[in-house]
Every structure is written in structure tokens, then in C-alpha cells.
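**Q** turn this into a structure:
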Amino acid sequence: MDVVLKIILVIFSLGLIAVVLLQKGKSAGLSGAISGGAEHLFGKQKARGIDLFLQRLTVGLAVGFFILSLVVAYFVKAA
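**A** This is a model prediction of the structure:
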């Protein structure tokens, strides 16, 4: 069981890395990062198509990675 969960965790981590690298940058530079983050936070930019799919996939993989990390840590501590 422990080995299977670790393999799934590695698959989630590689998938998360791949999805993050596939996303295009929102803005360039430090000033763009500050203003671009604020625009994204308040919904001025609407993602459509593949961008929306990649955002949702990133959130799903991140949540799965976090939960699997906690489960694997629990099983390692219990063993």
C-alpha cells in the first residue's frame, strides 16, 4: 500500500510540474507580476479554452498532491 501511494504521489508531482510548465505567463517582469496578480485576483482576466482547463487541472493536481503527501506521511509514521 505504501509503495502504491508513493508511486501515485510521484505521478501527481510530475503531472503538476508538466501542467505548470505548459501554462503561458500572465505578465512579464516584477511590475507585471504585481499588477497582473491583482487583475487575476479580482477577475479582470477571464481564462478560456485550454487556459481554463490547465488552471483547473493545476488546482486538482495540487490538491491531490497535498492530500497524498499527508496520507503517505501518515503511513510512514504509522509503520
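**Q** F65 is in contact with L16, correct?
**A** Yes. Counting by Cβ atoms under 8 Å, L16 touches F65, with 5.7 Å between them. Where you see a C-beta, it was placed from the backbone N, CA and C, and this is true even at glycine.
**Q** mean confidence for the helix or strand harbouring L54?
**A** Using DSSP states H and E, the secondary-structure element containing L54 is helix 50-78. Rounded to a whole number, the mean pLDDT of helix 50-78 is 93.
**Q** how far away is Q23 from K6?
**A** Relative to K6, Q23 is positioned 27 Å away (criterion: Cβ to Cβ, to the nearest Å).
**Q** what do you get for L14?
**A** Remark: distance between L14 and K6 (Cβ to Cβ) = 13 Å.
**Q** of the two, which one has the most company?
**A** Between L14 and K6, counting by other Cβ atoms under 10 Å, K6 is the more crowded of the two (14 against 11).
**Q** pLDDT wise, what is that one at?
**A** Reported pLDDT for K6: 94.
**Q** make residue 1 into 11 and carry on from there
**A** Yep, numbering from 11; the last one is K16 now.
**Q** list the helices and strands the one helix or strand it maps to packs on?
**A** When elements are assigned from DSSP H and E, K16 belongs to helix 12-32. Contact here means 3 or more Cβ pairs under 8 Å, 6 or more residues apart in numbering; DSSP states H and E; on that basis helix 12-32 packs against helix 60-88.
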